[in-house]
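Student: Here is the input, now give the coordinates:
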Amino acid sequence: MTVLPDQSRLVDRAAALVEAARRAGADAADAFAVRRVGLSVDIRNGAVDETDRSESDDVSLRVFIGKRTASVSTNGVAPVEALAERAVAMARVAPEDRFAGLAPEERLAKSWPDLDLLDPSIPDPEMLAERARRAEAAALAVAGVTKSSGASAGWGLTGAVIATSHGFLGSYLGSRHGVSATAIAGEGTGMERDYDGDSKVYGSDLRDPEAIGREAGERAVRRLNPGRLPTGRGTVVFDPRLASSLVGHLLGAINGAAIARRTSFLQNALGTALFAPSIRITDDPRRPRGLASRPFDGEGVAAEPMDLVAGGVLQTWLLDSATARELGLETNGRGSGGGGSPHATNVTLLPGTLSPEELLAEIGEGLYVTELIGHGVNGVTGDYSRGAGGFRISGGKLAEPVSELTIAGNLKDMYRSLVAANDLVYRSAVNAPTLAVEGMTIAGR
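Tutor: Below is the predicted model:
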């Protein structure tokens, strides 16, 4: 039986690594430790196809000698003293980095709220298998579905520990439950596939497996017998499952590391209007039961909610201590453990006022995208080009399915014309409602 792990061993190891680094000659050090436990069950045609259990400890130690720094990682087994000595030896011969250093001591979290990130209910393999079976059975019950591509259910637990040589020591645990199903409709070369799924901190917050399976099946059936669209320019509407990808491209472009390297198409955009005045995008690490919530960042800095975009205007970069120093700014608590690039937490593009139906009615003619293919986005120029499939918009309503399309534009232009519907649902760490983008190139027949 799986039980909630004891964090004390990981806490002790992180603290011991920091002390060992100081004894080995480091001026300062921090340690980031993560423990992961997971259990998943895959079902195909009602039978268990695979059961997977995983458990790992990963620890990284970062040391500073003057302005020289080095990092080492281990699976948690390597001797503390040997690891610290190796990190210090590496730092002594590393080139100087004038921006290197621990987070400012005054910015460290002194206390933090309970974010309700840990579900004490732990499913066993039989419970997960039953969730997956229910989802698969519901998908197969949809008229037009011919076979299952499988269903799965899983549970995971992540524990994080941060220790620094200027006195910070903190840890937290978070759980995650998930269910997904993939259905196939049609026969032979006319088959179409689609999926649905859900992920939550608490198992009790998951959508019913039957609803997930049914949605997967209905989506697959709706895609049967797709046509093509003529090449031209028009409005593209992104289904909420895909709309978050447009926000994801923004997050990559406003990452402080990309700005410092001058590899972002938004290099000089801070304080400028990127979107219409109605658009607001937030990042909230303190959302209760949020999938990316955390009480402090990977450097121990207090994590606070903030606006990334307000009134359509870009408000900030995503910053850790090093990138903030390089850019002449202050960290905003988006650091990663072990010296990785800054990253966002629970990001939301807030909803607009129109329902999806009203938005489609205003558009009249266009393309509603439910599938994106490939990764044709240039982070330096903002050029966007991806394969797509979905439905034609005709007379302000969804019409026949279409496929084998390419949609293209530039993200700056796309953001300026973006309109949000009011159907926001929290599905993942990055969330957005239905989004419409005018003036995109649609390449079809």
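
Student: what's across from residue 169 in the sheet?
Tutor: residue 163 (DSSP bridges).

Student: Could you verify my assumption that it touches residue 10?
Tutor: No. Between residue 169 and residue 10 there is no contact under C-beta atoms under 8 Å: 11.3 Å. Bear in mind the C-beta positions are built from the backbone N, C-alpha and C, glycine included.

Student: Which of these two has more residues huddled nearby?
Tutor: For residue 169 versus residue 10, the count of surrounding residues by other C-beta atoms under 10 Å is larger for residue 10: 23 against 14.

Student: Would you mind writing the CA trace of whichever strand or helix holds the more buried one as PDB?
Tutor: For residue 10, the enclosing helix or strand under DSSP states H and E is helix 8-23. Only the C-alpha atoms of helix 8-23 are listed here, as PDB (Å, rounded to 0.1, in the frame of the first residue of the first chain):
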ATOM      1  CA  SER A   8      12.000  14.800   7.100                       C
ATOM      2  CA  ARG A   9      14.600  12.700   5.400                       C
ATOM      3  CA  LEU A  10      14.700  14.900   2.400                       C
ATOM      4  CA  VAL A  11      14.700  18.000   4.500                       C
ATOM      5  CA  ASP A  12      17.600  16.700   6.500                       C
ATOM      6  CA  ARG A  13      19.600  15.900   3.400                       C
ATOM      7  CA  ALA A  14      19.000  19.300   1.800                       C
ATOM      8  CA  ALA A  15      20.200  21.100   4.900                       C
ATOM      9  CA  ALA A  16      23.200  18.700   5.300                       C
ATOM     10  CA  LEU A  17      24.300  19.400   1.700                       C
ATOM     11  CA  VAL A  18      24.300  23.200   2.400                       C
ATOM     12  CA  GLU A  19      26.300  22.800   5.500                       C
ATOM     13  CA  ALA A  20      28.700  20.400   3.800                       C
ATOM     14  CA  ALA A  21      29.200  23.000   1.000                       C
ATOM     15  CA  ARG A  22      30.100  25.600   3.500                       C
ATOM     16  CA  ARG A  23      32.600  23.300   5.200                       C
END
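
Student: what residues does that helix touch?
Tutor: The contact list for helix 8-23 (C-beta atoms under 8 Å, 6 or more residues apart in numbering) reads 29-33, 35, 57, 59, 61, 63, 76, 80-81, 83-85, 87-88, 159, 161-165, 169, 171.

Student: C-terminal to it, which secondary structure element comes first?
Tutor: For helix 8-23, the following helix or strand on the C-terminal side (DSSP H and E) is strand 28-44.

Student: Could you list the paired strands of that following strand along with their orientation?
Tutor: Assessed with DSSP bridges, strand 28-44 is paired to strand 47-65 (antiparallel), strand 145-164 (antiparallel).

Student: Pull out the buried residues from that strand.
Tutor: Neighbour-count burial for strand 28-44 flags 28-35, 37-44 (criterion: 16 or more other C-beta atoms under 10 Å).

Student: ok, now which ones touch the residue nearest to residue 112 when sequence neighbours are not counted?
Tutor: Nearest residue to residue 112 in three dimensions, chain neighbours excluded: residue 295, at 3.4 Å (C-beta to C-beta, 6 or more residues apart in numbering). Taking C-beta under 8 Å, 6+ apart, we find residue 295 in contact with 109, 112, 113, 115, 170, 172, 285, 286, 303.

Student: from those, which two are the most distant?
Tutor: The most widely separated members of the contacts of residue 295, counting by C-beta to C-beta, are 170 and 286 (14.5 Å).

Student: which stretches of this structure have low pLDDT?
Tutor: Along the chain, segments meeting pLDDT under 70 span 1-6, 76-77.

Student: Run through the helices of it in chain order.
Tutor: Secondary structure of the chain, counting by DSSP state H: helices at 8-23, 80-92, 125-140, 209-222, 240-253, 256-261, 321-327, 356-363, 411-417.

Student: Among the strands paired with strand 28-44, show me which one is buried the most.
Tutor: Burial of these is given as mean neighbour count (mean count of other C-beta atoms under 10 Å); strand 145-164 ranks first at a mean of 22.

Student: on that earlier part again, let's have the helices of the chain in TSV, adding distance to residue 349.
Tutor: As requested, the helices of the chain are exported to TSV (distance: least, C-beta to C-beta, whole Å):
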stretch	distance to residue 349
helix 8-23	35
helix 80-92	40
helix 125-140	28
helix 209-222	22
helix 240-253	5
helix 256-261	20
helix 321-327	24
helix 356-363	14
helix 411-417	11
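
Student: Next, count neighbours for residue 193.
Tutor: Based on other C-beta under 10 Å, the number of other residues close to residue 193 is 16.

Student: oh sorry, the question was meant for residue 83
Tutor: 22.

Student: Please report how far it lies from residue 8.
Tutor: 20 Å (C-beta to C-beta, to the nearest Å).

Student: Likewise for residue 163?
Tutor: 13 Å.

Student: Quickly note the distance from residue 52 to residue 12.
Tutor: Applying C-beta to C-beta, the value for residue 52 to residue 12 is 29 Å.

Student: what's the answer for residue 360, then?
Tutor: 57 Å.

Student: before we move on, back to that, okay, the strands paired with strand 28-44 in CSV with distance to residue 443 next?
Tutor: Listed next are these as CSV, based on distance: least, C-beta to C-beta, whole Å:
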stretch, distance to residue 443
strand 47-65, 38
strand 145-164, 29
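
Student: Looking at those, which is nearest to residue 264?
Tutor: strand 47-65 (25.1 Å).

Student: how far does that closest one sit from the chain's center?
Tutor: Strand 47-65 sits 18 Å away from the centroid of its parent chain (C-alpha atoms, centre = their mean, to the nearest Å).

Student: the inter-axis angle of that strand versus helix 125-140?
Tutor: Per axes from the mean of the first three to the mean of the last three C-alpha atoms, to 10 degrees, the angle that strand 47-65 makes with helix 125-140 is 120 degrees.

Student: what is the orientation angle of strand 47-65 with helix 80-92?
Tutor: Counting by the same axes, to 10 degrees, strand 47-65 lies at 60 degrees to helix 80-92.

Student: Run through the residues that contact the nearest residue to residue 278 once chain neighbours are set aside.
Tutor: Excluding its sequence neighbours, the residue lying closest to residue 278 (C-beta to C-beta, 6+ apart) is residue 352, at 6.2 Å. Residue 352 makes contacts with 278, 419, 420, 421, 422, 433, as judged by C-beta under 8 Å, 6+ apart.
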